[in-house]
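In: From the sequence below, what's the structure:
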Amino acid sequence: MPSFDILASAFVTLFVITDPPGLAPIFIGLTAGMSEAQRRRTALHAVIISVIVLAVFALFGKVLLDALGITIHAFRVAGGLLLFWIAFEMVFEKRGERKADTANKVVHDSHSSEIAAFPLAVPLIAGPGAITAVILLAGRLGTDAVGMASIVVLIVIVMAIMFGFLLAGVFIDRFISQSARSIATRLLGVILSALAVQFVADGVKALLAN
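Out: Next comes the predicted model:
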């Protein structure tokens with residue numbers, strides 16, 4: 001059974017990398033003109049798709065790495081560096097701009113009628129960073145039944161929180177200032193950078209030991 005500290009660290013990592021507070025205003029822009037029921041249905045479909053995508057990579061990511069001949073230790077180093085870059089973007093407010101650009105391209109694409117799967121679920125929620133994170137977290141929580149169940153439960157919990165933030169997007173956009181959101185994003189970026197460095201350190205230590 002994973003310890004509380006490991007579970008808490010995994011939850012924080014997944015919450016920060018998916019960034020529900022930062023995604024809520026983008027969701028409002030993507031669903032402009034929709035009724036409340038349509039918006040709720042779109043949010044629900046997006047989080048369900050995201051749960052499936054992240055759970056598949058959490059459960060079978062190690063199998064994929066083994067098939068490619070990549071050790072989990074090497075992936076920790078590479079994944080940690082990727083997460084650190086994402087944290088860097090959050091601190092300097094580049095990640096939100098990139099996500100907004102992705103959303104705007106789809107809004108102006110007349111061929112895009114279903115936004116729940118793309119770009120909302122993939123790549124805005126279950127993007128490369130989130131997929132990398134769940135593979136790393138699955139390795140840390142353990143490959144036994146309890147460890148696998150733990151990562152899936154964490155994914156479901158974080159996605160439930162994401163669903164709540166998406167539904168509250170109008171409130172967040174209206175009553176929480178841009179400055180407050182920027183401060184929160186930067187603080188979360190600092191936390192993610194520390195977690196990313198820990199992944200790299202663990203990977204380097206294991207590689208040197210081997």
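
In: Can you tell me the SS state at Thr143?
Out: Following DSSP: H, G, I helix; E, B strand; the rest coil, we place Thr143 in the coil state.

In: give the contact list for it.
Out: Contacts for Thr143 (Cβ atoms under 8 Å, 6 or more residues apart in numbering) come out as Lys62. (C-beta placed from N, C-alpha, C; glycine too.)

In: Over to Leu7?
Out: When contacts are taken as Cβ under 8 Å, 6+ apart, Leu7 is in contact with Leu141, Ser150, Leu154.

In: where does this structure dip in pLDDT?
Out: Scanning the chain for pLDDT under 70 picks out 104-113.

In: all helices of this structure, in order?
Out: 4-18, 20-30, 36-68, 72-91, 95-107, 128-141, 145-167, 169-175, 178-209 (DSSP state H).

In: which of the residues in the longest one are buried?
Out: Read that as helix 36-68. 39, 42-43, 45-47, 49-51, 53-55, 57-59, 61-62, 65 (16 or more other Cβ atoms under 10 Å).

In: Equivalent analysis for the shortest one, please.
Out: If you call a residue buried by 16+ other Cβ under 10 Å, then helix 169-175 has these buried ones: Gly169, Ile172, Asp173.

In: Tell me which other helices or strands that helix touches.
Out: Secondary-structure packing of helix 169-175 (3 or more Cβ pairs under 8 Å, 6 or more residues apart in numbering; DSSP states H and E): helix 20-30.

In: got the contact list for the helix it packs on?
Out: With Cβ under 8 Å, 6+ apart as the test, helix 20-30 has contacts from 43, 95-96, 99-100, 103-104, 106-107, 115, 119-120, 124-125, 158, 161-162, 164-166, 168-170, 172-173, 181, 184-185.

In: Weed out the non-buried ones from these.
Out: Here, 16+ other Cβ under 10 Å leaves 43, 95-96, 99-100, 103, 115, 119-120, 124-125, 158, 161-162, 165-166, 168-169, 172-173, 181, 185 buried among the contacts of helix 20-30.

In: Apart from its neighbours in sequence, what residue is nearest Thr31?
Out: Closest residue in space to Thr31, ignoring its immediate chain neighbours: Arg39 at 4.8 Å, by Cβ to Cβ, 6 or more residues apart in numbering.

In: ditto for Val53
Out: That would be Ala126: by Cβ to Cβ, 6+ apart, it lies 4.2 Å from Val53.
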